[in-house]
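> Sequence first, then the predicted structure:
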Amino acid sequence: MDFPLEYLLLIPIGFIAGFLNTVAGGGTLLTLPTLIFLGLPASVANGTNRIAILVQTFAAIKGFKSKGESMYPFSLYLGISAFLGSFIGAKLAIDINGELFNKILALIMLMVLLIIIVKPKVNLATLTEKITGKTLGVSIVIFFFLGIYGGFINAGIGFLMLLILPYVNGLTLLKSNVTKVFVVCMYTVGAVLVFAYENKINYPLAFILTIGNASGAWVASRWSVKKDDKVIKLFLIITVSSLAVKLWFFN
């Protein structure tokens with residue numbers, strides 16, 4: 001069986017993607033185009049990428065826990081809601097036209113960039129955590145729809161969560177990251193089930209990509225615990241800006 005050496009590019013690209021997805025988001029915007037470049041149809045590239053994301057988020061959860069960071073049971077409630085929504089999104093991703101898929105992806109990233117630029121400045125240190133009662137209910141509904149989007153494409157969803165969790169639930173960016181990776185892990189399980197059922201996963205390439213993604217996620221989860229919110233926020237803005245420019249001009 002031939003093994004093209006370019007497949008090994010998935011390891012360093014996966015490492016960068018796993019790191020980005022853990023501290024901010026947008027790693028999928030690196031891995032999806034790479035998988036397509038290697039010859040996979042868009043739907044198969046989308047499904048293959050989910051295996052790496054699943055292992056990556058599990059590694060990130062373990063990394064955060066090794067530093068004593070957890071948002072259980074709040075993250076579980078949101079994760080279950082997103083898990084249910086992911087079945088709808090993954091089915092849409094399989095059925096949608098490839099060209100329309102790319103246009104939606106570019107539009108979403110532009111919207112995320114605009115939100116980050118124009119959103120009001122708030123001192124996150126003064127926010128009060130709101131993770132129970134009515135606010136929890138609102139968050140569960142929001143994360144059901146985020147699960148639909150995550151099941152559909154996943155790209156950029158980390159940015160959306162890192163906007164919602166601080167301002168709706170009053171979480172620091174570190175706690176938002178801890179919640180984010182748990183939720184993404186849960187809804188990715190739903191997406192993987194759909195893509196696997198529809199035979200839209202290339203398992204050998206998924207395994208290679210997973211090596212990089214999981215390594216990057218482990219490093220990022222432990223690194224981000226040592227950084228304050230300002231550093232994580234700066235990383236977020238730089239990453240989303242760069243990826244939005246890439247999508248807009250080089251799609």
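Structure received. Worth saying up front: this structure is predicted, and the values here are computed from it rather than measured.
> Contacts only, for Leu78.
Leu78 makes contact with 139-140, 143, 179, 183 under the criterion Cβ atoms under 8 Å, 6 or more residues apart in numbering. For glycine as for every other residue, the C-beta is placed from the backbone atoms N, C-alpha and C.
> The same query, at a cut-off of 10 Å, please.
71, 131, 136, 139-140, 142-144, 146-147, 161, 164-165, 169, 179-180, 182-183, 186-187 (Cβ atoms under 10 Å, 6 or more residues apart in numbering).
> Over to Val178?
For Val178, the contact set (Cβ under 10 Å, 6+ apart) comprises 60-61, 63-65, 67, 69-72, 74-75, 165, 171-172, 221, 224-225.
> ok so, going back, and the contacts of Leu78, which are buried?
71, 131, 139, 142-144, 146-147, 161, 164-165, 169, 179-180, 182-183, 186-187 (16 or more other Cβ atoms under 10 Å).
> mind listing which of those residues are in helices?
Those of the buried ones among the contacts of Leu78 mapping onto helices are 139, 142-144, 146-147, 161, 164-165, 169, 179-180, 182-183, 186-187, per DSSP state H.
> Out of those, which is nearest to Asp95?
Gly147 (17.5 Å; Cβ to Cβ).
> Can you read off the pLDDT for that closest one?
Note for Gly147: predicted pLDDT of 96.
> in the stretch 51-200 of the chain, which spans are helices?
74-95, 98-118, 133-152, 157-169, 173-197 (DSSP state H, counting those that start in this stretch).
> Compute the inter-axis angle for the first one and helix 157-169.
To tie it back to what came earlier, the one meant is helix 74-95. 140 degrees (axes from the mean of the first three to the mean of the last three Cα atoms, to 10 degrees).
> buried residues in helix 74-95?
74-75, 77-94.
> what's the answer for the last one, then?
Judged by neighbour count (16+ other Cβ under 10 Å), helix 173-197 contains these buried residues: 173-188, 190-192, 194-195.
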